[in-house]
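Asker: Please work out how this folds:
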Amino acid sequence: MPTKNAVSSSKRPVAHPQRDAADSLCRAARESCHQHVRLNRLLMLGADDVEFQGATQAATLADRMLTDQTTRYELAATDGRGREPEDWWHAANALWMAGREYSRRCAASDAAGARFKRHGAEQLGELTLDYELEMSARMALKHACAAYDAVRPDAV
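Answerer: Okay, here's the model as predicted:
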């Protein structure tokens, strides 16, 4: 997880630390969403266990990168918006909140999955709810990325 020093100790001078952190957050969010779409597509295709395990590892890594970039933006944004426009600031903060919520929901569904390895109908309902909330958070993350792209198309 990045620290305040990691954000401010870049090797190159950074003219727009908040914007750079938000751009990176947006790219990490897009990659996380992409990896989960890929994982779902492989599940629907009935891919073999080896391919599915590799895709699961890629999605897990993408989620970890998203969590790291969410923290990086949070640390950079503590100094305020800097010289960035107001509409950018709102879109970046919405992206940060969506990334934070998605990371929280992923952690909750991972914990529920580990807690209910053996489950009955009642626990299945709780697991289903956790996974549906995670999917809802992923959808909100996609919308936040689209809104950020509208005000910062060069972030790609």
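Asker: how near is the closest residue to Cys33 other than its chain neighbours to His34?
Answerer: Closest residue in space to Cys33, ignoring its immediate chain neighbours: Lys142 at 5.5 Å, by Cβ to Cβ, 6 or more residues apart in numbering. All C-beta atoms are positioned from the backbone trio N, CA, C, and that covers glycine. Separation of Lys142 from His34 (Cβ to Cβ, to the nearest Å): 10 Å.
Asker: Need the CA coordinates for stretch 145-156. CSV is fine.
Answerer: The C-alpha trace of stretch 145-156 is given here as CSV (Å, rounded to 0.1, in the frame of the first residue of the first chain):
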residue,chain,number,x,y,z
CYS,A,145,-14.6,5.8,-15.0
ALA,A,146,-16.9,6.9,-17.8
ALA,A,147,-17.6,10.2,-16.0
TYR,A,148,-13.9,10.7,-15.4
ASP,A,149,-13.1,9.9,-19.1
ALA,A,150,-15.6,12.7,-20.0
VAL,A,151,-13.7,15.3,-18.2
ARG,A,152,-10.2,13.8,-18.7
PRO,A,153,-10.1,11.9,-22.0
ASP,A,154,-6.3,12.1,-22.1
ALA,A,155,-6.1,9.8,-19.1
VAL,A,156,-6.2,6.7,-21.3
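Asker: Need the residues that contact it.
Answerer: Stretch 145-156 is contacted from outside by 19, 22-23, 26-27, 29-30, 33, 85, 87-88, 91-92, 94-95, using Cβ atoms under 8 Å, 6 or more residues apart in numbering.
Asker: Farthest pair within those?
Answerer: Cys33 and Pro85 (25.5 Å; Cβ to Cβ).
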